[in-house]
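Trainee: Below are the sequence and a predicted model; questions follow.
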Amino acid sequence: MPTFKPGTVVRVLQEDWAPFQNIHRTVQAFTAETGVEVDVVLSEIPEFWELIGRSFSEDEPPFDLVGADEIMLMQYAREGTDEALDAIIARDDYDLGDLEPAVLDAVSYEGRLYGLPYTAVANVLSLYFAP
């Protein structure tokens, strides 16, 4: 996995959906602290899925980082096209203590961590019974 130094640009893909609308503010703070520029593309489904697929499968992917849900993340982990983060987390002594074990399990495959959760979304099952 590449290391991004000040002055470089990281290309990020994220779904264009309400929980992620504030990503541009977060990116500004990140750039101010690190000097690493971030180019964010917000994309709607189905284009989003196509761009994620290209990012995980092409030799020259269009994005460096993608915001994927745990289902898509596990698909690419099983296929071997996603890189586990364990070595990077250990190298950087990144503290995962604030994350619930169940959350980490959702982004792990065969005991290796493939993603870092950064938002919580409550899925709701809505039922309607016709009279």
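Mentor: Yes, it's here. Numbers count the residues shown, from 1 in each chain.

Trainee: can you give me the helices for this protein?
Mentor: Using DSSP state H, the helices of the chain run over residues 23-34, 47-57, 70-79, 86-91, 101-106.

Trainee: and stretch 16-24, which residues are buried?
Mentor: Of all the residues in stretch 16-24, those buried under the rule 16 or more other Cβ atoms under 10 Å are 20, 23. Where you see a C-beta, it was placed from the backbone N, CA and C, and this is true even at glycine.

Trainee: Mind listing residues that contact it?
Mentor: Taking Cβ atoms under 8 Å, 6 or more residues apart in numbering as the criterion, the residues outside stretch 16-24 that touch it are 12, 14, 40, 42-44, 48, 67, 119, 121.

Trainee: could you dump that stretch to CSV, C-alpha only?
Mentor: Output for stretch 16-24, consisting of C-alpha atoms alone and laid out as CSV, is shown next (Å, rounded to 0.1, in the frame of the first residue of the first chain):
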residue,chain,number,x,y,z
ASP,A,16,-23.3,10.4,-2.9
TRP,A,17,-25.6,9.8,0.1
ALA,A,18,-26.6,12.0,3.1
PRO,A,19,-24.3,10.4,5.7
PHE,A,20,-21.3,11.3,3.5
GLN,A,21,-22.2,14.8,2.4
ASN,A,22,-19.8,16.3,5.0
ILE,A,23,-16.7,14.5,3.6
HIS,A,24,-15.4,17.8,2.0
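
Trainee: Nice, that's everything, thank you.
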